[in-house]
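Student: Fold the following, please.
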Amino acid sequence: MVERVPRIRRAPLPADAVIVVRADDLIEGSSRLQAEEFRRRYPGWDRWGLSGFFARNETDVEDLAADRLERFPVLRLYRPSVLEEVGFQIVPTFRTPHVTLAFGGDLDLWIDKLRTAEHVERTNPYHESD
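Tutor: Sure, this is the predicted structure:
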């Protein structure tokens, strides 16, 4: 059964949060596939969506790198204000600390906005090659 909209949490994003996404996803083209799948799954929302997570401190970033993002060799950290300035809506979705970076319009343009927005890129020390 197709869900019309994603589950949105009522709790707002913490004021001190950073947004953590996987950087290799932007390079290898799977951001496009992820956004297309999101739109197919939630047609009633009429937006593209990319997954991310919020972290409140370095320990949270380390936990995400070791657990939820261990498959990815490179991570990018964004300040929410930077993403919002270029037009992304940061929506707390599904289970904490998941967020959806939501946007409408030209998918390639938005993927490029994410790639070029100010960020910190770091190697994931918990990544193990297959």
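Student: Would you tell me what the next helix or strand after the longest strand belonging to the chain is?
Tutor: Taking DSSP state E as the criterion, the chain has its longest strand at strand 48-55. Once strand 48-55 ends, the next helix or strand along the chain (criterion: DSSP states H and E) is helix 58-66.
Student: How about that following helix, which residues are buried there?
Tutor: Buried residues in helix 58-66, counting neighbours by 16 or more other CB atoms under 10 Å, are found at Asp60, Val61, Asp63, Leu64, Ala65. C-beta: built from backbone N, CA, C; applies to glycine.
Student: Pull the most distant pair out of these.
Tutor: Greatest spacing in these, by CB to CB: Asp60 and Ala65 (9.7 Å).
Student: quick one: low-confidence ranges for this structure?
Tutor: 1-3, 24-28, 130 (pLDDT under 70).
Student: Can you show me the strands along the chain?
Tutor: Counting by DSSP E, the strands of the chain are 18-22, 48-55, 74-78, 89-92, 98-103, 120-123.
Student: The residue nearest the centre of the chain pairs with what?
Tutor: The C-alpha lying nearest the average C-alpha coordinate of the chain belongs to Gly52 (CA atoms, centre = their mean; 2.4 Å). In this structure, Gly52 bridges to Val99 when assessed by DSSP bridges.
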